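[1] below: sequence and its predicted model.
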Amino acid sequence: MKAIPYGRQEITQSDIDAVVEVLQSDYLTQGPAVKLFEDEFSKYVDCPFSVAVSNGTAALHLAALALGVNSGDKVITTPITFAASANCIRYCGAEILFADIDPETYLIDFNSVKAILESQPNGSVKGLVLVDFAGKSIDTEKFSLLAKEYNLWIIEDACHAPGAYFLDSNSREIKSGSSIYSDITVFSFHPVKHIATGEGGMITTRNEDLFSKIVKLRTHGITRETSDFKNSIQLAGGTTSYPSWYMEMQELGYNYRITDFQAALGFSQLKRAEFGLERRNEIVKKYNEAFNDCKFIYQKPFVDRSHAYHLYIIEVENRLGLYNYLRENQIFAQIHYFPCHLMPYYQELGWKEGDFNYAENYYKNCISLPIFPALTSEQQEYVIDKVKTFYR
């Protein structure tokens, strides 16, 4: 059996043609393909403003900057996530407060967050970074009520969850990225994600002021909007109006732009997003049926179209043994994630083993099996057989 990774991109001829068309055009960056991708992504997640950026980490950093995260602030997030969810707050000089997870959903636990807020000085916690871990959309409506009570902003890290949704109290489907109950949502287009651009990310918001700030910060803090200019027309080199070449750097920004050929690839992949979700749910259904008589734990519900299933996670005994056995048989399962609070960097800031029982117990047993739209039935049956053989 050819090597089977836990996740991988699928590049079709249509994707290749889209990229080649841009490579043969006049624009490789800052051109029309980026705007087209942003507009179509906005439609996909039902949100008016989208900003394409160089990667998911850049998206998180820009979100934190736009919300004014600063030294002395405190922000709450989960320890079961990729490090960037917490690091983006540290980039701004603020302090991270970790909260434990719900052992059933693996998402940040509401009661744990509430307990932290009650224990901190009033006004010291400024926001929440809520993660749609593994592809399950977090109930941002529930957390938004807490945010209003404590005057918090919310960043939804939906890097695992394009296409996911939850039902709010009015039975509306609230898509990850719609930003109805959050201030900003971020996505990643890394090759193992639902939509691949090589590297890339997207920021969505319903707040036009935040949108304008993010657009400016994405490109060195520079604006070309005449109405925003602060210097005089004469200083800019004009007489009665600003010259067409003029631009202003108004704050310290970054070069977090995405290229046009990446955006073209993203737009092409976005056309297959619904098929990808359907295929992931089919794979999950087959895994769940196969493992129904096994003793290990897998994430509920059995099949839920609202779940984007970036990952298919099981919790097992002898995780190391299974991991090594699968690799010996060309199945490259992965572990998601080592708890952030136990990374040496965060331990140096005072976090330690024993701080979060649910998160730490989850890590001891979790393993992610292959799941991606191009996974064949033969490959999945092979994975199932090897997992069951190991435990038999």
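    That came in fine, so what should we check first? Numbering: from 1, shown residues only.
[2] list the buried residues in stretch 37-54.
    Residues of stretch 37-54 classed as buried: 37-38, 41-42, 44-47, 49-54 (neighbour count, 16 or more other Cβ atoms under 10 Å). Bear in mind the C-beta positions are built from the backbone N, C-alpha and C, glycine included.
[3] should've said stretch 77-87
    Residues 77-82, 84-87 are the ones in stretch 77-87 that count as buried (16+ other Cβ under 10 Å).
[4] just stretch 86-93 next, same as before
    Neighbour-count burial for stretch 86-93 [16+ other Cβ under 10 Å]: 86-90, 92.
[5] dump those residues to TSV, plus secondary structure, distance to Leu270 and pLDDT.
    Putting those into TSV (DSSP: H, G, I helix; E, B strand; the rest coil; distance: Cβ to Cβ, whole Å; pLDDT from 0 to 100) gives the following:
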residue	secondary structure	distance to Leu270	pLDDT
Ala86	helix	28	98
Asn87	helix	27	98
Cys88	helix	24	98
Ile89	helix	29	98
Arg90	helix	31	98
Cys92	coil	30	98
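[6] any chance of the residues you listed in a markdown table, plus distance to Ala134?
    Below are those laid out as a markdown table (distance: Cβ to Cβ, whole Å):
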| residue | distance to Ala134 |
| --- | --- |
| Ala86 | 17 |
| Asn87 | 20 |
| Cys88 | 20 |
| Ile89 | 22 |
| Arg90 | 24 |
| Cys92 | 27 |
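[7] and the residue nearest the centre of this structure?
    Cys159 (1.6 Å; Cα atoms, centre = their mean).
[8] filter the buried residues of stretch 77-87 down to just the ones in strands.
    Thr77 (DSSP state E).
[9] show me what the strand or helix carrying Leu65 is packed against.
    Assigned by DSSP states H and E, Leu65 falls within helix 56-66. In terms of contacts (3 or more Cβ pairs under 8 Å, 6 or more residues apart in numbering; DSSP states H and E), helix 56-66 is packed against strand 49-53, helix 84-91, strand 153-157, strand 184-188, strand 201-205, helix 208-218.
[10] and those: which comes nearest Lys286?
    Checking the helices and strands packed on helix 56-66 against Lys286 by Cβ to Cβ gives strand 184-188 as the closest, at 26.1 Å.
[11] quick revisit: and the angle from the helix holding Leu65 to strand 201-205?
    Between the axes of helix 56-66 and strand 201-205, defined by axes from the mean of the first three to the mean of the last three Cα atoms, to 10 degrees, the angle is 30 degrees.
[12] can you tell me what sits against helix 56-66?
    The contact list for helix 56-66 (Cβ atoms under 8 Å, 6 or more residues apart in numbering) reads 51, 53, 75, 84-85, 87-89, 91-92, 94, 129, 155, 157, 159, 184, 186-190, 200-203, 210, 213-214, 217-218, 254, 256.
[13] do stretch 104-115 as well
    With contacts defined as Cβ under 8 Å, 6+ apart, stretch 104-115 is touched by 76-78, 80, 99-102, 128, 130-134, 136, 138, 142-143, 146, 299-300, 313, 358, 362.
[14] restricted to buried residues, select these in ChimeraX.
    Remark: buried members of these, expressed as a ChimeraX selection using 16+ other Cβ under 10 Å:
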select :76,77,78,80,99,100,101,128,130,131,132,133,134,136,138,143,299,313,358,362
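[15] okay, and which of the contacts of stretch 104-115 map to helices?
    Using DSSP state H, 142-143, 146, 358, 362 are the members of these that sit in helices.
[16] among the residues you listed, which one lies nearest to Leu342?
    Tyr362 (12.3 Å).
[17] residue ranges in this protein under the pLDDT threshold?
    Within the chain, the segments meeting pLDDT under 70 span 299-305.
[18] alpha carbons of the lengthiest helix in it, as CSV, please.
    Scanning the chain for the helix with the most residues, using DSSP H, yields helix 273-290. C-alpha atoms of helix 273-290 as CSV (Å, rounded to 0.1, in the frame of the first residue of the first chain):
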residue,chain,number,x,y,z
ALA,A,273,-15.8,22.9,-1.0
GLU,A,274,-19.3,21.4,-0.7
PHE,A,275,-18.2,18.1,-2.3
GLY,A,276,-15.2,18.0,0.1
LEU,A,277,-17.5,18.3,3.1
GLU,A,278,-19.8,15.6,1.8
ARG,A,279,-16.8,13.3,1.2
ARG,A,280,-15.4,13.9,4.7
ASN,A,281,-18.8,13.0,6.3
GLU,A,282,-18.9,9.8,4.2
ILE,A,283,-15.5,8.9,5.5
VAL,A,284,-16.5,9.6,9.1
LYS,A,285,-19.6,7.5,8.7
LYS,A,286,-17.6,4.5,7.4
TYR,A,287,-15.1,4.9,10.3
ASN,A,288,-17.8,5.1,12.9
GLU,A,289,-19.6,2.1,11.6
ALA,A,290,-16.4,0.1,11.5
